[in-house]
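S.K.: the sequence and its predicted three-dimensional model are supplied below.
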Amino acid sequence: MNKKEIEAEIEDLKADYTRLSADLEKLVYVGGNTEYNEKELERLAAKISSLRQKLQQQKS
């Protein structure tokens, strides 16, 4: 993966994270099941972190 591909994937994941976060807030408000959203947010955060580390390694 080159730098631009990594940056594009990070942006896509951040958009997904934002959407899921908003969905989670709605579920909390209505008392819905939040387990899936919480796990997915954790997975996205880990993937973003991993991609950022790859990006840093490429800059080094």
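M.R.: Thanks, I have the structure now.
S.K.: mind naming the longest helix for the protein?
M.R.: helix 3-30 (DSSP state H).
S.K.: I'd assumed Ile10 was in contact with Ile48.
M.R.: Yes. In this structure, Ile48 is within contact of Ile10 by Cβ atoms under 8 Å, at 5.9 Å. For glycine as for every other residue, the C-beta is placed from the backbone atoms N, C-alpha and C.
S.K.: which helices and strands does the helix or strand containing Leu51 pack with?
M.R.: Element membership of Leu51, judged by DSSP states H and E, is helix 35-59. Counting contacts by 3 or more Cβ pairs under 8 Å, 6 or more residues apart in numbering; DSSP states H and E, helix 35-59 is packed against helix 3-30.
S.K.: compute the inter-axis angle for the helix it packs on and helix 35-59.
M.R.: Here helix 3-30 runs at an angle of 160 degrees relative to helix 35-59 (axes from the mean of the first three to the mean of the last three Cα atoms, to 10 degrees).
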